[in-house]
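K.L.:
sequence first, then the predicted structure, then my questions.
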Amino acid sequence: MTISPLSAARYDKIHPSINTDTKLIPLQIEHHLRQGASIESAFRLAVNEFSGSHAISMHTDLAPGRLFLAQKGSGQAIFVGIASDHYIAASELYGVVEETSDFLKLNGGEKGQIGILSSLPGHMQTILDMKADIKASANRLAVTKTYWATVGSGVNKTAADEIRIKLSELCYKTISSDFVEDKKHIDLSSEPLIIVCAAGTRESVLGDIIKDTAIFHAHKACPIVITTQGENRFDLYAEDVFKIPAVPEHFAPVLNTLVGHLWGYYAALAIHEGSKFMFEAKTEVRELIEDYILTGRDSYEVLLEKNFREKIAGIYNRFSAKRQTNKFPEAIGLNTVTNLTLLFKYLSGRLPVSDFEIDFGIKGTPSNMLETFFRNMDLAVNTMARPVDAIKHQTKTVTVGTSRIAERFEGVIFDVLEEHDIQLAQLTNQNVLVIKNLQEVISLVKGALVYQISGLSLLGEATRDTRIRVTSKTGILKNEISRVEFDPRR
């Protein structure tokens, strides 16, 4: 850099290896501050002293082995901010403004720019005052699309990147970030939700962004646009448009990012709402079962209890209402929604238990049905749970076992069934209870005939091919002759 000689007294913090052709920006500013200059005046004096510099470099303890360089004509800039007790250097504006509103923007080809961001906090408050509209948008749209993307042009590509990071953290999604002009060539077939960062964009570029947003809309994507107050050309093509205060272009990423972060926060809460519904429904069912266990009821009695079936039916009605109004995110998965729909119907007695094995591959015993129900509810809860801060990272639901309901039955009839290798899973739940109650008046089973039926239709009805045969005879029936032994069609 071209500078005047440095005084050792003034620059006692300079490392010996740094020669007099180098000027340290923070120390230059500090020198003027100590002489009584205001922040803005100190910045302005320092900028004048840097005039004609060939290159500006930046070094930070965060990357001790790297030297960042803004060479003349490169277009690269370095931002230097002054906080109350330290300096901040960054290659992007957002790296400075999180800690201070006072900064210099320097590059190798233009005169330095002085930034005193006194108006930015007010603009940010304006955006915070829009949170009701941002929340309503997130509640309505976040659960409707599986795939999301963020886009921006020029400096607003930085905002798109920052929004992508925060949305990925909050909503547990893989999200792409692209330049607006490239997005129309990338994966629009997935019909994604696209957050367009357009506020602060210069007019020569804004027209193209509007055209690209129209293309997104035509491909059944879901554009959400952040633009400047007074800009109405996006209204025809965007699902929602957030209009924020006008700021210089290099400040725009700050405000675009704030809108995107707020939307992501409320999106996470909207997705998490489905998880809360599932968790509360699961808790209701589990607590009801626990109450039945305390009264000594078995699983067959639980499933046939009117109060239990009404409870399941009530939850199913609420579940269906949410599903029909798109209150569950697509992340829950079609398979889980289908499984839960069937399980609610089985547990409320609306579907024949004999079909359970066809749908889930296991016998429709009460314990199998309840375990399958709780497993799918846990999957739904964990799929939709979106903790929104570090403390809530422990709120992901872990499967908690429900006290197992007794399914072992004893008595003279059940003993005979076991001797003939007939499992409870082969009986309807209603028949199990009938046998349980009937055996209370039976003291002894003196013999048994076991029949096997084949050739039934898929609906369990007799056909021309239906046959019945005796597979075993015991006790006093051992020598008895059944008529089906003469005609298996009878």
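P.N.:
Received, thanks.
K.L.:
and the chain, what are its domain boundaries?
P.N.:
If you go by automatic domain parsing, the domain ranges for the chain are 25-118, 121-266, 270-394, 412-485.
K.L.:
surely Gln28 meets Ala46?
P.N.:
Yes - Gln28 is in contact with Ala46 according to C-beta atoms under 8 Å; the separation is 4.4 Å. From N, CA and C alone the C-beta is placed, and that goes for glycine too.
K.L.:
more neighbours: those two, which one.
P.N.:
Set Gln28 next to Ala46 and count neighbours by other C-beta atoms under 10 Å: Ala46 wins out with 25 against 22.
K.L.:
most neighbours per residue, which of the domains of the chain?
P.N.:
domain 121-266 (a mean of 19; mean count of other C-beta atoms under 10 Å).
K.L.:
distance between it and the chain's centre?
P.N.:
Counting by C-alpha atoms, centre = their mean, to the nearest Å, domain 121-266 is centred 18 Å from the centre of its parent chain.
K.L.:
ends of it, how far apart?
P.N.:
By C-alpha to C-alpha, to the nearest Å, the extent of domain 121-266 from end to end equals 22 Å.
K.L.:
please apply the same query to stretch 361-372.
P.N.:
End-to-end distance (C-alpha to C-alpha), stretch 361-372: 11 Å.
K.L.:
coming back round to it: export the domains of the chain to CSV and tack on mean pLDDT?
P.N.:
Formatted as CSV, the domains of the chain follow (pLDDT from 0 to 100):
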stretch, mean pLDDT
domain 25-118, 66
domain 121-266, 88
domain 270-394, 82
domain 412-485, 78
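K.L.:
show me where the stretch 201-350 of the chain has helices.
P.N.:
203-218, 252-294, 299-304, 306-324, 334-347 (DSSP state H, counting those that start in this stretch).
K.L.:
can you tell which of those is closest to Val432?
P.N.:
In terms of C-beta to C-beta, the element of the helices of the stretch 201-350 of the chain nearest to Val432 is helix 299-304, at 4.9 Å.
K.L.:
please state the offset of that closest one from the chain centre?
P.N.:
With C-alpha atoms, centre = their mean, you get 36 Å for helix 299-304.
K.L.:
how about stretch 317-332?
P.N.:
What separates the centre of stretch 317-332 from the centre of its chain is 15 Å, taken as C-alpha atoms, centre = their mean.
K.L.:
now swap in stretch 328-336 and tell me
P.N.:
With C-alpha atoms, centre = their mean, you get 11 Å for stretch 328-336.
K.L.:
swap in stretch 270-278?
P.N.:
With C-alpha atoms, centre = their mean, you get 10 Å for stretch 270-278.
K.L.:
for that stretch, list the C-alpha coordinates in CSV.
P.N.:
Provided in CSV are the C-alpha atoms of stretch 270-278 (Å, rounded to 0.1, in the frame of the first residue of the first chain):
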residue,chain,number,x,y,z
ALA,A,270,-46.0,-25.6,11.7
ILE,A,271,-44.4,-28.9,11.0
HIS,A,272,-43.9,-29.6,14.7
GLU,A,273,-47.7,-29.0,15.3
GLY,A,274,-48.5,-32.3,13.5
SER,A,275,-46.0,-34.0,15.8
LYS,A,276,-47.8,-32.6,18.9
PHE,A,277,-51.1,-33.9,17.7
MET,A,278,-49.8,-37.4,17.2
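K.L.:
which residue ranges of this structure form strands?
P.N.:
55-58, 68-71, 77-82, 87-90, 102-107, 113-116, 148-152, 176-179, 193-197, 222-228, 240-244, 447-454, 467-475 (DSSP state E).
K.L.:
tell me which residue lies nearest the centroid of the protein.
P.N.:
Cys171 (3.5 Å; C-alpha atoms, centre = their mean).
K.L.:
quick one: closest of the strands of the chain to Gln439.
P.N.:
Of the strands of the chain, nearest to Gln439 by C-beta to C-beta is strand 447-454, at 13.7 Å.
K.L.:
and the contacts of the closest one?
P.N.:
416, 420, 422, 466-478, 480, 482, 484 (C-beta atoms under 8 Å, 6 or more residues apart in numbering).
K.L.:
returning to what we had before: redo the helices of the stretch 201-350 of the chain as a markdown table? Include distance to Val450.
P.N.:
Formatted as a markdown table, those follow (distance: least, C-beta to C-beta, whole Å):
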| stretch | distance to Val450 |
| --- | --- |
| helix 203-218 | 68 |
| helix 252-294 | 33 |
| helix 299-304 | 22 |
| helix 306-324 | 33 |
| helix 334-347 | 29 |
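K.L.:
so which of those comes closest to Gln125?
P.N.:
Closest among the helices of the stretch 201-350 of the chain, using C-beta to C-beta: helix 252-294, at 10.2 Å.
K.L.:
tell me how far Asp161 lies from Ala214.
P.N.:
Distance, Asp161 to Ala214, by C-beta to C-beta, to the nearest Å: 24 Å.
K.L.:
ok, Glu239 next?
P.N.:
As judged by C-beta to C-beta, Glu239 and Ala214 stand 13 Å apart.
K.L.:
then Leu477?
P.N.:
Distance from Leu477 to Ala214, by C-beta to C-beta: 82 Å.
K.L.:
check contacts around Val484.
P.N.:
Contacts of Val484 by C-beta under 8 Å, 6+ apart are 451, 468-470, 490.
K.L.:
and of those, the nearest to Leu343?
P.N.:
Proximity of these to Leu343 was ranked by C-beta to C-beta; the top entry is Tyr451 with 32.6 Å.
K.L.:
so that closest one bridges to which residues?
P.N.:
Val470 (DSSP bridges).
K.L.:
where's it relative to Ile289, distance?
P.N.:
Distance from Tyr451 to Ile289, by C-beta to C-beta: 36 Å.
K.L.:
Gln125: which of the contacts of Val484 is nearest?
P.N.:
Of the contacts of Val484, the one sitting nearest to Gln125 (C-beta to C-beta) turns out to be Tyr451, at 81.0 Å.
K.L.:
from Ala270, how far out is the closest one?
P.N.:
Per C-beta to C-beta, Tyr451 is found 57 Å from Ala270.
K.L.:
what does Lys145 give?
P.N.:
12 Å.
K.L.:
I figured Lys183 hits Val151, correct?
P.N.:
Yes - between Lys183 and Val151 there is a contact under C-beta under 8 Å: 4.9 Å.
K.L.:
can you list residues touching both of the two?
P.N.:
Ile194.
K.L.:
quick one: contacts for Met124?
P.N.:
254-255, 258.
K.L.:
again with Ser153
P.N.:
179-181, 198, 201, 205, 208-209.
K.L.:
separation between it and Leu141?
P.N.:
23 Å.
K.L.:
go on, Ser41?
P.N.:
Relative to Leu141, and taking C-beta to C-beta, Ser41 is found at 48 Å.
K.L.:
same question, Leu449
P.N.:
Distance from Leu449 to Leu141, by C-beta to C-beta: 65 Å.
K.L.:
how about residues contacting stretch 339-356?
P.N.:
303-304, 308-310, 312-313, 315-316, 319-320, 323, 359-360, 362-364, 368-370, 372-373, 376-377, 380, 428-429, 460.
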